[in-house]
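J.: Have a look at this prediction, sequence included:
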Amino acid sequence: MKYFFILLTLFSLSVQAENPLVEMQTSHGTVEIELFEDKAPVSTKNFLQYVDEKFYDDTIFHRVISTFMIQGGGFTEKMDQKKTRANIKNEATNGLKNETGTLAMARTPDPHSASSQFFINVVDNSFLDYRDTTDAGYGYAVFGKVRSGMHVVNRIKEVRTGNRASHQNVPMDTVLIKSIRRKAKK
């Protein structure tokens, strides 16, 4: 009986340790993303708060560079920037790398300026990884990875882009984030 309770406890801990999943519905298809709550708890909590508030509904991928990344989570279709909560601490020191398919927090040159915007790496971008504590070396915090739907991400990275509302690399045809929702754990 003692071993049964130990096994039950271990099973319970492993179930609780599963990372959250979200499903992003876009105008180009669906992407499922695992959030690395275990390695990036601040970024994950921040992102999930925006998800739960439905902040990302009807935002766009406003910056697309086919040899780099696709960025979204802050602008409406009219290129109006949405009001966000306070900036969060940069967790780029968590050991996760900006590899193809990973989700990272977008920010300004200030390492601790991330709020709602995120990007999905479409190639390995090791130059974005943490190197040191200087502004230039701090890196970009990875906090998730595409688990299914990378074909959708690849479709988005190939859209035609140009300049719009003082921004560069903006899709000429809107790439809409219809919604992002938590996905029930299996």
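T.: Done, it's in. Residues are numbered from 1 along each chain as shown.

J.: Enumerate every residue touching the most centrally placed residue in the chain.
T.: The centre of the chain sits closest to L103, judged by C-alpha atoms, centre = their mean, with a distance of 3.7 Å. Neighbour list for L103: 33, 35, 118-120, 142-146 [criterion: C-beta atoms under 8 Å, 6 or more residues apart in numbering]. For the C-beta atoms, the positions are set from N, CA and C on the backbone; glycine is no exception.

J.: what's the pLDDT at it?
T.: For L103, the pLDDT comes out at 98.

J.: roughly how far apart are it and M79?
T.: Separation of L103 from M79 (C-beta to C-beta, to the nearest Å) stands at 22 Å.

J.: just the strands in the protein please.
T.: Counting by DSSP state E, the chain has strands at residues 21-26, 29-35, 59-65, 69-76, 102-105, 118-121, 142-148, 161-164, 167-171, 176-183.

J.: Point out where this protein drops to low pLDDT.
T.: 1-17, 186 (pLDDT under 70).

J.: Sort out which residues of stretch 97-115 are buried, please.
T.: The neighbour-count check on stretch 97-115 (16 or more other C-beta atoms under 10 Å) flags 97-98, 100-107, 111, 114-115 as buried.

J.: er, stretch 120-136 I mean
T.: 120-122, 125, 128-130.

J.: From the rest of the structure, what touches stretch 58-67?
T.: So stretch 58-67 is in contact with 26, 69-77, 79, 82, 119, 122-123, 156-159, 161, 167-171, 174-178, going by C-beta under 8 Å, 6+ apart.

J.: any idea how far that stretch is from the chain center?
T.: Relative to its chain's centre, stretch 58-67 lies at 12 Å (C-alpha atoms, centre = their mean, to the nearest Å).

J.: Repeat that for stretch 165-174.
T.: 20 Å.

J.: Could I get the CA-only coordinates of that stretch as PDB?
T.: Provided in PDB are the C-alpha atoms of stretch 165-174 (Å, rounded to 0.1, in the frame of the first residue of the first chain):
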ATOM      1  CA  ALA A 165       2.400  53.300 -40.900                       C
ATOM      2  CA  SER A 166       6.200  53.900 -40.400                       C
ATOM      3  CA  HIS A 167       6.800  50.200 -39.900                       C
ATOM      4  CA  GLN A 168       8.800  47.900 -42.100                       C
ATOM      5  CA  ASN A 169       8.300  44.300 -43.100                       C
ATOM      6  CA  VAL A 170       4.500  44.500 -42.600                       C
ATOM      7  CA  PRO A 171       2.400  42.000 -44.400                       C
ATOM      8  CA  MET A 172       0.700  43.600 -47.400                       C
ATOM      9  CA  ASP A 173      -2.300  41.300 -46.800                       C
ATOM     10  CA  THR A 174      -3.300  41.200 -43.200                       C
END
